[in-house]
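Enquirer: Kindly generate the corresponding structure for this input.
(one chain, ligands or ions: 1)
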Amino acid sequence: MLLVPCPYCGPRPEVEFHCGGEAHIARPADPSALDDAAWAEYLFIRKSPKGVHAERWLHAHGCGRWFNALRNTISDAFIVSYEMGQPRPDLTRQGDK
Ligand SMILES: [Zn+2]
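Expert: The predicted model follows:
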């Protein structure tokens, strides 16, 4: 069973969570200035990388809170989870003291 690391509750079974898709999608500052193609890209176009991906997760059957996580899409392993509003962790700096 896949365990998802909720930053508030700790590791819990995957069935307690819903994935909310790609994290760190910024809403355009002035949506009315976008043409239809740019607006459609904001709404619908998402990355689907092979490797580390930043995702939003909801602990729906637990604390009920949203958080972000880095997950490796190849191994399905969660690397780190972090609270909403925090920047994406820089994995190249892990191990630095
Ligand atoms: Zn939780």
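Enquirer: Please give me every residue in contact with the most centrally placed residue in the chain.
Expert: Residue closest to the average C-alpha location in the chain (CA atoms, centre = their mean): residue 55, at 1.7 Å. Counting by CB atoms under 8 Å, 6 or more residues apart in numbering, residue 55 makes contact with 19-23, 68-71. For every residue, glycine as well, the C-beta is placed using N, CA and C.
Enquirer: what is it paired to in the beta sheet?
Expert: residue 22, residue 69 (DSSP bridges).
Enquirer: So which residues on the protein come close to the ion?
Expert: 6, 8-9, 59, 62-63 (CB under 5 Å from the ion).
Enquirer: 8 Å - rerun?
Expert: 6-10, 12, 16, 59, 62-65, 67 (CB under 8 Å from the ion).
Enquirer: Mind giving me the ChimeraX select for those, buried ones only?
Expert: The following ChimeraX line selects those of the residues of the chain next to the ion that are buried, judged by 16 or more other CB atoms under 10 Å:
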select :6,7,12,16,59,62,67
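Enquirer: Among the residues of the chain next to the ion, which ones are in strands?
Expert: 6, 10, 12, 67 (DSSP state E).
Enquirer: Show me which of those residues is closest to residue 47.
Expert: For those, the closest approach to residue 47 (CB to CB) belongs to residue 67, at 18.9 Å.
Enquirer: What's the separation between the closest one and residue 80?
Expert: 11 Å (CB to CB, to the nearest Å).
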